[in-house]
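In: Just need the structure, nothing else, for what follows:
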Amino acid sequence: MKVRQRDSVGPSPSPRETGIDLDKPIFTLSVASEILETHPRTLMMYEHLDMIHPKRTVTNRRRYSRRDVMKLQAIQTLTREHRVNLAGVRYILALLKRLQTAGVEAPEGLKNLDVTLLDV
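Out: Next up, the predicted model:
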């Protein structure tokens, strides 16, 4: 049996190019916490601290979008890998967004954080 290989033409297209809606609220609290490998209460705490704003259904259930999950991943990277507290996370994400808007390159240790699609 022959296996067909994909031809990689270049980098994968960005979510904007593929038409993926990053703001569509699709993940429940339990699914988002499973994706992020964290306790659901942690996500509720981030919401309480105004770091994230999940949408609500008519029955008042939280729904997280892909953009929310991306922001939560950035928060986790800063808290887990860089040992930054949540006040520092807020400040760093805002600064990275400003640097990106101004066209300035991020510092060496923070280049792996992509804030282009995040709402900060």
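
In: Quick check: the residue nearest the centre of the chain vs residue 23, distance?
Out: Nearest to the mean C-alpha position of the chain, by CA atoms, centre = their mean, lies residue 70 at 1.2 Å. Per CB to CB, to the nearest Å, residue 70 is found 11 Å from residue 23. In short, each C-beta sits where N, CA and C put it, glycine included.

In: hey, which helix is longest across the protein?
Out: Assignment by DSSP state H gives helix 86-102 as the longest helix of the chain.

In: List of residues touching that one?
Out: 46, 49, 51, 71, 74-75, 78-79, 84, 105-106, 110, 113, 115-116, 118, 120 (CB atoms under 8 Å, 6 or more residues apart in numbering).

In: quick revisit: can you verify the residue nearest to the centre of the chain is assigned to a strand?
Out: No - using DSSP: H, G, I helix; E, B strand; the rest coil, the assignment for residue 70 is helix, not a strand.

In: thought it was touching residue 119?
Out: No - counting by CB atoms under 8 Å, residue 70 does not reach residue 119; the two are 9.7 Å apart.

In: So which residues of the chain form strands?
Out: In the chain, the strands defined using DSSP state E lie at 55-56, 62-63.
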